[in-house]
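> Have a look at this fold, sequence not included:
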């Protein structure tokens, strides 16, 4: 049967990481690094919840009068879990009992702002976050004095100790300092409250002790095993570091050997590449020569084309000027034509109006003349008839022979001619009848176009 282990992982985080960690813990993000079973998110359990981690961090720092720096570690996140076999067959309450112990272990130091058990991933685990506010020893930095071969401190011209400086590495030339923990009069270490993720993590020995304490408090009561203990003391840490350095040196040597082999292969490839490059350079020079000749030819052709184009543009410009002048003349002629048409229409309208007036006057005059002409003859006829009637009224009826004689009697006319009375009477009666039953003459309308010089319609007059 394989062993089951308890698991604890810790990580330092700055301000820029806080919002993403909050969304990951509270399940308010749109995307997640791990595969989330959303239908099981409702089963997640919060031992402590905070919906605005940044505001909470600022609030806690202000309450403790702690100044935050640009690169300060303001949050330490921890993930508590165990081997997946440990959770098999356990109820939700049994699993939460284990994580409750983990939560108590998390609250030993710092200010915990969030602790949630995620059941919606492959293996149940608790994600906790706390602000690393701890009581840390008060330390001062003292300059390390430089000593001679006999171990005596070197002094400068003013009698002050000469500072020891770094001779190698990135800090070359910088002064060396030594941290010293301050103690009070009773010999007790002086402490102060501040942000110190370094105090929580410590070195490898401190982390190993933290893992052991976690196992003793949380893992051991549930039958879980502790992982491999690599270092217990400072000496073991140094030994472990030496082994690590040895492995690193072996890796470096292997890399150098591979690099040397690759370098030889690269040199051979480089020589071949140089030969190929030289050949291509010669081909390129030949092509450049041909290209130069083609370029000269192209330049000559371009000059000819430009000259032709300039000439064409000049001709085009002249044609355009002439076209513009013709267009202007056409515009003037069009305006004049429009003006003449307007004047012609006005003139025709005036002539037609005058012609209508003249025709009306003519009709009225014609009617008057016509009536006057026949009125005189009618009056003569009426007078003659009246005379005959008067004579007839005063005379006795004549015999037929007398009537026949009267019919054959000669009557003088106004034009100096003579006519038989019977024929004259019949003619006058016909005239009188026609006059009485007459219609007024049907005068013709004015013509629609053109007007005669006399002002009268053709074929109509006295």
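Yes, it's here. Note that the coordinates shown come from a computational prediction; the quantities given were computed from them, not determined experimentally. Residues are numbered from 1 along each chain as shown.
> Residue 298 - that's part of a helix, no?
Yes. Applying DSSP: H, G, I helix; E, B strand; the rest coil, one finds residue 298 inside a helix.
> Pull the contacting residues for it.
Going by Cβ atoms under 8 Å, 6 or more residues apart in numbering, residue 298 touches no other residue. For glycine as for every other residue, the C-beta is placed from the backbone atoms N, C-alpha and C.
> Tell me where the chain has helices.
15-26, 53-63, 84-87, 92-106, 197-201, 204-214, 234-394, 400-407, 421-436 (DSSP state H).
> Who does residue 130 form a beta bridge with?
Beta bridges link residue 130 to residue 76, residue 112, judged by DSSP bridges.
> what residues are up against residue 147?
So residue 147 contacts 153, 154, 164 (Cβ under 8 Å, 6+ apart).
> got those residues as a markdown table, with pLDDT, neighbour count and distance to residue 41 columns?
Listed next are the contacts of residue 147 as a markdown table, based on pLDDT from 0 to 100; neighbours: other Cβ atoms under 10 Å; distance: Cβ to Cβ, whole Å:
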| residue | pLDDT | neighbour count | distance to residue 41 |
| --- | --- | --- | --- |
| 153 | 86 | 11 | 66 |
| 154 | 85 | 12 | 67 |
| 164 | 86 | 17 | 58 |
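> so can I have TSV of these showing distance to residue 86?
What follows is the contacts of residue 147, written out as TSV (distance: Cβ to Cβ, whole Å):
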residue	distance to residue 86
153	60
154	62
164	53
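> Tell me the one of the residues you listed nearest residue 141?
residue 164 (13.0 Å; Cβ to Cβ).
> returning to what we had before: relative to residue 78, which of the helices of the chain is closest?
Of all the helices of the chain, helix 92-106 comes closest under Cβ to Cβ, at 6.1 Å.
> Between helix 204-214 and the closest one, find me the angle.
Between helix 92-106 and helix 204-214, the angle comes out at 140 degrees (axes from the mean of the first three to the mean of the last three Cα atoms, to 10 degrees).
> tell me which residues in helix 92-106 are buried?
For helix 92-106, burial by neighbour count (16 or more other Cβ atoms under 10 Å) applies to 95, 96, 98, 99, 100, 101, 102, 103, 105, 106.
> quick one: it to chain centroid distance?
53 Å (Cα atoms, centre = their mean, to the nearest Å).
> separation between residue 324 and residue 183?
105 Å (Cβ to Cβ, to the nearest Å).
> just residue 44 next, same as before
Applying Cβ to Cβ to residue 44 and residue 183 gives a distance of 47 Å.
> Same drill for the two, tell me which one is more crowded.
residue 44 (17 against 12; other Cβ atoms under 10 Å).
> what's the closest non-adjacent residue to residue 54?
residue 18 (5.3 Å; Cβ to Cβ, 6 or more residues apart in numbering).
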